[in-house]
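1. coordinates only, sequence not included:
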DNA sequence: TGCCAAGATG
DNA sequence: CGACGGATCTTGGCAC
């Protein structure tokens, strides 16, 4: 069996990983993104290469023998960021756990160690593979020596053999150093010949072979300038060559025998992974699953009583309650049981016991008895289904966790607990399995797990509340999100009536039109194919019909609507495809999709609002998403005809905030012109156009208004100049100029944008008017993309988030008013800036008044809030 | 099962 | 120098 040596350029891979991955940190706040990237790369090598010998080489210290040649070597390089340098010890720890050797040598770089080892191995006829992100290493490529360079990220690599190098770059491995001598390398501060880039270098080397040969034949060079430059920088070129050449005879002390690789002990690796928080990598380690089960069994014991008959003295007035249900959809799911934990003890109450108990119901409905739960809305809706109207929920671990940091991806009891340094429980996945394998284990295992979750809530409640208070977010939590959960729960439980006949009717009509279109498209294409497959469609359009390729995706031709739109006049088939797409979307997502989730009995849809997901504080809606029902195109808008009142002589009611985000912007930026515009109730897009184009209002063309609208849209949604250029079909430069003119016109907005970015850099987060927070660790990133994104987020989140705060408060206020004033009207949906209700006709006038009053006055800003209102027989008609 | 491209909304 | 694409949800296709 042939032996294989893998040599890893440790520094290079770590740098790559650090800049490729977002700044992750584990629960102790230690940055781990580079180590994480390094680990995924390492696992991949072990799996794919199965090396018999393995060494990771690192650079040593600041100076190398190259500095004697050139003191400026690697000069001007930015200092390694501390977020990265603190990860080096972790990597060495990681290598220790994997039993992998690493090596560094004073005065030498990782390259030299790798070059030397690779030479030795070559003499022993071993296969060698070098892993790095540094193109210099390509000089080592040879028969039996492959060099893999990271392309994008860390695990995406490109493998160079001598043939591939020739094909890709056009040079032999031994010419790599000559090339660098000519081109130089700004990152290593190697001068090279100014003005010579890759193309010229390759051309020269193809012609002459080596740097030396080039200088021997200078007279043959065509191009006076080039020749001059070569002559003037001869010394630089030769010095550069020397610097770029890897030393293949470094005085290293390791021998091949020292770096044989015999695998690792899973136990050690698993332990370290857990410590680092690499949970997603656990299952890639042999025995990873087994180990996690082990952990389940090794939890500290917990005692609890199985309740067979609920007595009211079980409760204490301050009880943690956990309702267990595996299904995501709590409106339809099965309740597996309840756990109650209080200062008296821990209890598990089986579903039937609880639901058949008067004492349980009485306790649940008693507002004075405080309950600490996880996901108040889930509990509320699931119990409503059982005719229990739970009251007195004073703590919701889910909402609290979301408020503390919406960026956390895992807001479940075990994850939250872990972040609070509380470990005495397992993950749901460990107890129930996941995916198709998910199942309910034996009763005792399940009940103990549920008790542990209630216990975690009970134990952690106080410190979580402290944390909220510390961040001045207790009001947001207790006066906004918690009461909102009850309002949303009521809305979800109540549901929206759907006219399924209407949907079926539309579906039948669509089906026919789609069939006809399909046939026509096949006819024009000359063959039948799957129009829904971008791959097949791309083949037909761009290969068979030879239409011009406008945009590509990673996997092939782009067939997105904006691309097809540009080809509309190029071929008869295009309008048909566009229409097919449009109607197909309506059919699959809105007709079929909605019909699938209509409750058979009552013909209602019960969407679920996710209250703890978005980074800005907005809600989202699932199964189905009722926040993206079509409206822009007439054809799609008709879907709304299927949303109807649930009772006769009732109507659908809609109230929407007009320009709430821009009003919020005017308020928080304190921009006088913007405030003035809203106080005078001007058309804001026209007003923007007037200011940006410097014309009177009667001179604003519809095109100017359209462009101004796009700029306003951009401000609200935080898009970049690139984004604006895309939406307006102009160049990035023009878009940038646009934005600048906008800022000149609204200096208050400009000042706010500058100030909020500064604030974000200082604090590490931004806040909304109700003190919702969003952390922006990447605001100090050295990566342009990351930093820019964070900056736009800093500007945008207070705007969008404050608007979200406002409508949430309006919902709570409105629900209270409806109840106090004995309205029959019911809230149905929230779509970011509008509220949808249903109401009996006789309430219309009174409701209109109340709705406007509540929505417009729920907060007082420096500009008025304006609400538009409409009602009709269906959602479609409420326009 | 999981990812991608596409398209719907504010 | 230029880099750079708002969020969330659902669908169908397709590779694994």
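-> Nice, thanks for sending it over. These numbers come from a predicted model, not from an experiment. Residues are numbered from 1 along each chain as shown, chains lettered A, B, ... in the order given.
2. Just give the number of residues close to residue A:699.
-> Applying other Cβ atoms under 10 Å, we find 11 other residues in the vicinity of residue A:699. To be clear about C-beta, it is placed using only N, CA and C from the backbone, and glycine gets the same treatment.
3. quick one: it from residue A:768, how far?
-> Distance of residue A:699 to residue A:768, computed by Cβ to Cβ, to the nearest Å: 37 Å.
4. Could you do residue A:12 as well?
-> Using Cβ to Cβ, one obtains 42 Å as the distance from residue A:12 to residue A:768.
5. which non-adjacent residue is nearest residue A:399?
-> Residue nearest to residue A:399 in three dimensions, not counting chain neighbours: residue A:481, with 4.5 Å by Cβ to Cβ, 6 or more residues apart in numbering.
6. Would you mind confirming that that neighbour makes contact with residue A:611?
-> Yes: counting by Cβ atoms under 8 Å, residue A:481 sits close enough to residue A:611 to count as a contact (6.8 Å).
7. Need the overlap of contacts for those two.
-> Overlap of the contact sets of residue A:481 and residue A:611 (by Cβ atoms under 8 Å, 6 or more residues apart in numbering) consists of A:399, A:402.
8. Return the residues in contact with the closest residue in space to residue A:132 that isn't next to it in sequence.
-> Taking Cβ to Cβ, 6+ apart as the measure, residue A:132 lies nearest to residue A:9, with 3.5 Å between them; neighbours along the chain are not counted. Shown here is residue A:9, whose contacts under the criterion Cβ under 8 Å, 6+ apart are A:57, A:110-111, A:114, A:130-134, A:137.
9. domain parsing for chain A?
-> Taking automatic domain parsing as the reference, chain A has its domains at A:4-162+A:247-259, A:305-471, A:500-589, A:662-801.
10. okay, and the helix or strand of chain A with the least pLDDT?
-> Comparing every helix and strand of chain A by mean pLDDT, DSSP states H and E singles out helix A:288-297 as the least confident one, with a mean of 46.
11. Determine how far the last residue of stretch A:159-176 lies from the first.
-> 16 Å (Cα to Cα, to the nearest Å).
12. To clarify, my last question referred to stretch A:420-440.
-> Across stretch A:420-440, the straight-line distance between its terminal residues is 27 Å, by Cα to Cα.
13. my guess is residue A:679 meets residue A:863, correct?
-> Yes: counting by Cβ under 8 Å, a contact exists between residue A:679 and residue A:863, whose distance comes to 6.2 Å.
14. Quick check: residues of chain A near DNA strand B?
-> When proximity is defined by Cβ under 7 Å from any atom of the strand, chain A lies next to DNA strand B at A:435-437, A:534, A:538, A:553-555, A:558-562, A:564, A:581-582, A:585, A:589, A:627-633, A:636-637, A:831-834.
15. Only whichever of those residues are buried, select them in ChimeraX.
-> In ChimeraX, this line selects whichever of those come out buried by 16 or more other Cβ atoms under 10 Å:
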select /A:534,538,558,559,564,581,589,627,629,630,636,831,832,833,834
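16. Would you mind listing the outside residues contacting stretch A:833-847?
-> Contacts of stretch A:833-847 from elsewhere in the structure, counted by Cβ under 8 Å, 6+ apart, are A:497, A:645-647, A:649-657, A:660-661, A:803, A:807, A:810-811, A:814, A:821, A:823-830, A:851, A:855, A:871, A:875, A:878.
17. Check stretch A:406-415 too.
-> A:322, A:374, A:397-398, A:401-402, A:416, A:419, A:425-428, A:453, A:456-457, A:612-615, A:617, A:772-775.
18. what are the ranges of the strands in the stretch 351-500 of chain A?
-> Under the criterion DSSP state E, counting those that start in this stretch, the stretch 351-500 of chain A contains strands at A:370-373, A:393-396, A:496-498.
19. Export those strands to TSV and append columns for mean pLDDT, distance to residue A:190 and mean neighbour count.
-> Listed next are the strands of the stretch 351-500 of chain A as TSV, based on pLDDT from 0 to 100; distance: least, Cβ to Cβ, whole Å; neighbours: other Cβ atoms under 10 Å:
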stretch	mean pLDDT	distance to residue A:190	mean neighbour count
strand A:370-373	98	63	23
strand A:393-396	98	59	23
strand A:496-498	97	67	23
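20. between those strands, which gets nearest to residue A:713?
-> In this view, these are compared for proximity to residue A:713 by Cβ to Cβ, and strand A:496-498 is the closest at 28.6 Å.
21. What is that closest one packed up against?
-> Helices and strands in packing contact with strand A:496-498 are listed as strand A:604-605, strand A:643-644; criterion 3 or more Cβ pairs under 8 Å, 6 or more residues apart in numbering; DSSP states H and E.
22. downstream neighbour of the last one in the secondary structure list?
-> On the C-terminal side of strand A:643-644, the nearest following helix or strand under DSSP states H and E is strand A:650-658.
23. try the first one
-> Proceeding C-terminally, strand A:604-605 gives way to strand A:608-610 as the next helix or strand, assigned by DSSP H and E.
24. coming back round to it: okay, the helices and strands packed on strand A:496-498, which one's buried deepest?
-> Burial of the helices and strands packed on strand A:496-498 is given as mean neighbour count (mean count of other Cβ atoms under 10 Å); strand A:643-644 ranks first at a mean of 24.
25. ok, that strand: who's next to it in the sheet?
-> Strand A:643-644 has its sheet partners listed here by DSSP bridges as strand A:496-498 (antiparallel).
26. Distance check, the residue in the stretch 1-150 of chain A that DNA strand B sits nearest to against residue A:641.
-> Nearest residue of the stretch 1-150 of chain A to DNA strand B (Cβ to the nearest atom of the strand) works out as residue A:40 at 12.7 Å. Using Cβ to Cβ, one obtains 50 Å as the distance from residue A:40 to residue A:641.
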